[in-house]
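>>> Sharing a model that was predicted from the sequence below.
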Amino acid sequence: MALHDSRSEQLMIELQARDAWNQRDYVRSQELAERAASAAAASNDESSWWNATFLVSEALRKQGLMQESRDVAERLENHALTRTSNALSARVATLTSFALQGAGDLARAVVAARAAVQFAEVEPGQKSIRMEARNALIAALADSDQLEGAWQESLILAEMLSTEPTTQSTGLGYWAIGNVAFLLKHITEGVSYHQLAAKSLSPTNDLDLWARFNRGSAQFRLAAGVVEPETLECIERAELASSIVGGTERDRLELKLTRAQWLVLTGQFEAAIKQLTEIIDNKHLLASHVAAQAHFLQGQALAASTSNADALADLRLSEKLFLQSGADERATTARALIETIQQPQS
């Protein structure tokens, strides 16, 4: 009787944790998942403990607590259930890669994502796990400026998606592929893949995801130098959706960074500097390569409008942070701009 009651209470807590997750209350989801994991451990229910602990790690990552998420994922990685299952190993390695990306540790993120893909490939009938693992690898390679490798992985993913029905998972895949295409300046392909993603991601089904997709699409369009009206429309859709669903302070800063990049590329330097000042003041909330981008944009805006000396300070810090993150090509871009500014004017 007592055991039955205990199991019923544990199941209720698990359901409440999932409900909080679905409502994007990640703090409460984490707290409830921790309670569920403790209850499962007390009753020696390893499977329930594993699922609850995985949710704890995901909820921590959604709060921007990347190291904490990675620490919990490491506990899962070393658990006996994980070690005996390729599917569970793939899920943990994927989670680890995303947490490492969020922390700006891009080299280790690539290693974790490659492991996730390897585990997923040998597990039959787990297409969603395979697609998510390859998504993580594409994102990690792209963030670390390994664009040709990211594109090769994108082509493999595109082949997988071509036989899949239209779902949120296929939308996420097309989104990732389009990102890489934009980074490689394959503008037509980038637009095409993001259009496919937009057909699979509905603001009605998940407004938060819709906001993040539009912000992400704008970011990669801007990285490719695409400043057409459709790019601004993506930013405005993201801002509108985010104003409705809320989100973390990290989300808000990253969206402001996208707007700031638009302002820099369209020559609105004073407005950009105003946006970037707040972002840089709170850069401890951002991954190091994202903070580096903020300093890089600030350097561009300052060089174009006010002070070369201040611009150089931002650009040097940008270069340092890009190198620290493993984003070597972007560090080279920052160095090139520094050298251009330092050249004597004829």
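Done, it's in. From a predicted model like this one, the values you see are computed outputs, not experimental measurements.
>>> make it CA atoms for all contacts and neighbour counts henceforth
Noted.
>>> Convert stretch 142-159 to PDB, retaining C-alpha atoms only.
Extracted C-alpha coordinates of stretch 142-159, given in PDB (Å, rounded to 0.1, in the frame of the first residue of the first chain):
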ATOM      1  CA  ALA A 142      29.500  26.200 -37.300                       C
ATOM      2  CA  ASP A 143      30.000  28.000 -34.000                       C
ATOM      3  CA  SER A 144      33.700  27.000 -34.100                       C
ATOM      4  CA  ASP A 145      34.100  28.200 -37.700                       C
ATOM      5  CA  GLN A 146      34.500  24.700 -39.200                       C
ATOM      6  CA  LEU A 147      32.100  25.600 -41.900                       C
ATOM      7  CA  GLU A 148      33.000  23.000 -44.500                       C
ATOM      8  CA  GLY A 149      32.700  20.200 -42.000                       C
ATOM      9  CA  ALA A 150      29.400  21.700 -40.900                       C
ATOM     10  CA  TRP A 151      28.200  21.800 -44.500                       C
ATOM     11  CA  GLN A 152      29.100  18.100 -45.100                       C
ATOM     12  CA  GLU A 153      27.100  17.200 -42.000                       C
ATOM     13  CA  SER A 154      24.200  19.400 -43.200                       C
ATOM     14  CA  LEU A 155      24.000  17.500 -46.500                       C
ATOM     15  CA  ILE A 156      23.800  14.200 -44.600                       C
ATOM     16  CA  LEU A 157      21.000  15.700 -42.400                       C
ATOM     17  CA  ALA A 158      19.200  17.100 -45.500                       C
ATOM     18  CA  GLU A 159      19.100  13.600 -47.000                       C
END
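>>> got the buried residues for it?
For stretch 142-159, the neighbour count (16 or more other Cα atoms under 10 Å) marks A142, D143, S144, D145, Q146, L147, A150, W151, E153, S154, L157, A158 as buried.
>>> distance between stretch 336-346 and the chain's centre?
Centroid separation for stretch 336-346 versus its chain: 34 Å, with Cα atoms, centre = their mean, to the nearest Å.
>>> likewise stretch 64-80?
17 Å.
>>> what sits up against it?
Stretch 64-80 is contacted from outside by 50, 53-54, 56-61, 82-83, 89, 92-93, 95-96, 99-100, 102-103, 248, 250, 285, using Cα atoms under 8 Å, 6 or more residues apart in numbering.
>>> Give me the PyMOL select line for these, limited to the buried ones.
Of these, the buried ones go into a single PyMOL selection, burial set by 16+ other Cα under 10 Å:
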select buried, resi 50+53+54+56+57+58+59+60+61+82+89+92+93+95+96+99+100+102+103+250+285
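>>> Among the contacts of stretch 64-80, name the ones in helices.
Among the contacts of stretch 64-80, DSSP state H puts 50, 53-54, 56-61, 82-83, 89, 92-93, 95-96, 99-100, 102-103, 250 in helices.
>>> separation between E239 and Q126?
From E239 across to Q126, the span is 35 Å (Cα to Cα, to the nearest Å).
>>> I meant to write A133 there.
Relative to Q126, and taking Cα to Cα, A133 is found at 11 Å.
>>> shared neighbours of these two, anything?
Jointly contacting A133 and Q126 under the rule Cα under 8 Å, 6+ apart are A120.
>>> more crowded one of those two?
Per other Cα atoms under 10 Å, whichever of A133 and Q126 has more neighbours is A133, with 29 against 12.
>>> and that one, which of the three is it?
helix (DSSP: H, G, I helix; E, B strand; the rest coil).
>>> Kindly report the same for L172.
L172, by the three-state scheme (three-state DSSP), is helix.
>>> Surely it and A197 touch.
Yes: L172 lies in contact with A197 (Cα atoms under 8 Å); the separation is 6.6 Å.
>>> tally of neighbours for S128?
12.
>>> ok, it - contacts?
Neighbouring residues of S128 by Cα under 8 Å, 6+ apart: S169.
>>> hey, where'd the strands end up in this structure?
Per DSSP state E, the chain carries no strands over any range.
>>> Just checking, which helix or strand of it averages the lowest pLDDT?
When each helix and strand of the chain is scored by mean pLDDT, DSSP states H and E, helix 2-22 comes last, with a mean of 81.
>>> which one of the buried residues of stretch 142-159 sits closest to A336?
Nearest to A336 among those: D145, at 16.2 Å, using Cα to Cα.
>>> Tell me who's in contact with the closest one.
D145 sits next to A327, D328, E329, R330 when contact means Cα under 8 Å, 6+ apart.
>>> go again using 10 Å as the cut-off
Going by Cα atoms under 10 Å, 6 or more residues apart in numbering, D145 touches L106, A139, V180, L183, G326, A327, D328, E329, R330.
>>> count of neighbours near the first one?
Which is L106. 28.
>>> And for the second one?
As a burial measure, the neighbour count of A139 was computed by other Cα under 10 Å and equals 26.
>>> and what of the fourth one?
L183 is flanked by 21 other residues according to other Cα under 10 Å.
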